[in-house]
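> take a look and give me a structure for this.
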Amino acid sequence: MHARNRKQPTRTHGRQLMDAGRPGPGPAVRVLIADGDPAGRRTLRSLLAPVADVEVVGEAADGVEAVDLAGRTLPDVVLMDLDMPQMGGTAAIRRILTAPDMPQAVIAMSADIDDDQLFDVLQAGVSGFLLKDADPAVLAEAIRRTHRGHGLLDPLVTRRVIERLAVLSPLPLSPELRSLTAREDDVLSLLAQGHSNRAIASILKIGEGTVKIHVNHVLAKLNLRSRVQAAIYAIEHGVIVRGRGIAADPGGGEGRPGRGVAVPETGRLSRAVAS
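Residues are numbered from 1 along each chain as shown. The predicted model follows:
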């Protein structure tokens, strides 16, 4: 799709901007915007301007510049348009995520969902995938969650991933999955359903710090890099189906329906990233 024909974010109502601008604790999250369309860069900058805890530290007009600026500005999060000139967005993401001393948090953005492109960037190891008409509040929360080490996918993207993986038979229980404790298995199941650490702690009646330890153990044992990888891994291996009686929190926490859902990358996809 040519850059000038791409749909740009349009939901800029005052209430949404006010919600997106809620200040968060600690220093501002440093963000690099990479979009091949000047109008797209302006729109993203204007959407993020009211957000008190987000600071835009640079803008890249093509994939080559995005990789260069990521290395020079060292942002906390990169917003990467997939339709980039010179070097495509997926190629730029791979360069950034595989280079030493480069940012390790990238949110892919696109005007629409192309299945091949979607799974390519999931394999590349992105922390999130949002459509470019995402609400400002969702965009701001995706940046915050990604900076905290979580991931966030647009609900439509999540549905597409689940639909595509649902037609496949679950992969056999791997030695790595067998190595998980019962509690780690529960955490993985809830994590794959999009729950935050806080929500998981509430459901399992354990401390949030304990959840973080379990998540780190799960990622290490499964040789995965991110929660997004872990979620897809869990879906592909049928972890949610075979889970030990863990049900979704009716309140939903940060992963409740209608908002972006964190999906850690999985099995075949996650292994491609980890290898």
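> can you pull out the helices in the stretch 101-250 of the chain?
115-124, 136-147, 155-166, 175-178, 182-192, 197-204, 208-222, 227-236, 239-242 (DSSP state H, counting those that start in this stretch).
> pick out the shakiest of these, pLDDT-wise.
Across the helices of the stretch 101-250 of the chain, helix 239-242 has the smallest mean pLDDT, namely a mean of 58.
> do you know which of the helices of the stretch 101-250 of the chain lies nearest Val78?
helix 136-147 (9.4 Å; CB to CB). The C-beta positions use only the backbone N, C-alpha and C, and glycine is treated the same way.
> and the closest one, C-alpha only, in CSV?
Provided in CSV are the C-alpha atoms of helix 136-147 (Å, rounded to 0.1, in the frame of the first residue of the first chain):
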residue,chain,number,x,y,z
PRO,A,136,-5.1,7.7,21.7
ALA,A,137,-5.7,6.1,25.1
VAL,A,138,-4.9,2.6,23.7
LEU,A,139,-1.8,3.9,22.0
ALA,A,140,-0.6,5.5,25.3
GLU,A,141,-1.3,2.4,27.3
ALA,A,142,0.5,0.2,24.8
ILE,A,143,3.6,2.4,25.2
ARG,A,144,3.4,2.2,29.0
ARG,A,145,2.8,-1.6,29.0
THR,A,146,5.6,-2.2,26.5
HIS,A,147,8.0,-0.1,28.6
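> now that helix and helix 227-236, what's the angle there?
90 degrees (axes from the mean of the first three to the mean of the last three CA atoms, to 10 degrees).
> tell me what helix 136-147 is packed against?
Helix 136-147 sits against helix 14-20, strand 29-34, helix 38-48, strand 54-60, strand 77-81, strand 106-110, strand 128-131, strand 152-153, with contacts defined as 3 or more CB pairs under 8 Å, 6 or more residues apart in numbering; DSSP states H and E.
> nearest to Asp120, of those?
Closest approach to Asp120 among the helices and strands packed on helix 136-147 (CB to CB): strand 106-110, 9.5 Å.
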